[in-house]
Structures are given as structure tokens and as C-alpha cells.
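*Asks:* sequence first, predicted coordinates after that:
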Amino acid sequence: MAAMQLKMTVEELRTYLAEVFPQAYGPSKPNKIVSVTPGTAVVQFTASERHLRPGGTVSGPTMMGLADGAIYVAILGVIGPVALAVTTSFTCNFLSKPAPGDLLCEVKILKLGKRLVVAEAVIRGINDEDPAAHVVATYSIPPR
């Protein structure tokens, strides 16, 4: 795999995603892009009461949405503003119960092809060493 290059900075991604996904990345929304490097991204998510399931832990669908969005951030970082890059495969393993509060999702792109991107994401509570979830996903990149 050729070396990946960054095509969008953190600020460019924040501006772009606030425009195309204001429901998730707009002002006062729970997703915050922390960092982006060629092939990686870190997104912080603040889980409030509405993101919890019975038992007081962050719900699975919330963590899955965080991972899917964070992988999208990492991909756009290396392919640029391609709004129609879409998830084609998504596997999530829940490993522990994160407490309410901030979660970090760390993404690494495993393979960047012309039409498909494979990435993995690990979600942790902000103060936790052990992962709460591990995701592997494939995205389809539309032809240019």
C-alpha cells in the first residue's frame, strides 16, 4: 500500500462535517474531531443520558454510530471531501461496558484502495485502558 497523504486537516474536516452532517458534527453536538493523521483519526464523543441503556452504560447503537462516523473522518482525511463514501460492511464486538461520559474512538485505516477502504476502530471510555468495543468496517468510495 502506498503511503497515505492527508488531504483534509482537522479544521477542514470540522467545517465540512458541520455542513454535511450537522446532526452529528455541528456546533454543540457530541462528536468532536480530536486528531487526524494520514490513515488515522481520533474522535471524542460525549455520551449523555439519552445515549444510555438500562444498567447505566453507553448503548451499543451509540458506540456503533461513533465508530462509523470516526472511520468516515479518517477516510475523508485521506481521500478528501467525498460525501458519498458509504459503509458497505460493519462488524462490532462489544468488549466491556463504558460508563456514561466521554468516549474516545481511535481509527486506523488498514487498506486504502481505489474503490474500497478497510479500517478498524477501538472505542474506550476516556479514562479506561480496556476497550469497550472493536470495529472493523469497509467503505465504498464512489468513482471520481
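*Replies:* Yep, that arrived. Only a predicted model underlies this, so the values are computations on that prediction, with no experimental measurement involved.
*Asks:* what separates the one helix or strand in the chain whose mean pLDDT sits lowest from the chain centre, distance-wise?
*Replies:* Between all helices and strands in the chain, the lowest mean by mean pLDDT, DSSP states H and E belongs to strand 52-53, at a mean of 86. In terms of CA atoms, centre = their mean, to the nearest Å, the centre of strand 52-53 is set 20 Å apart from its chain centre.
*Asks:* got the contact list for that strand?
*Replies:* Outside of strand 52-53, the residues within contact range by CB atoms under 8 Å, 6 or more residues apart in numbering are Val58, Ser59, Gly60, Pro100. In this view, the C-beta of every residue, glycine as well, is placed from N, C-alpha and C.
*Asks:* could these go into TSV alongside neighbour count, secondary structure and pLDDT?
*Replies:* TSV is the format used below for those (neighbours: other CB atoms under 10 Å; DSSP: H, G, I helix; E, B strand; the rest coil; pLDDT from 0 to 100):
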residue	neighbour count	secondary structure	pLDDT
Val58	24	strand	93
Ser59	15	coil	93
Gly60	13	helix	94
Pro100	15	coil	85
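*Asks:* farthest-apart pair in the residues you listed, please.
*Replies:* Greatest spacing in these, by CB to CB: Gly60 and Pro100 (14.4 Å).
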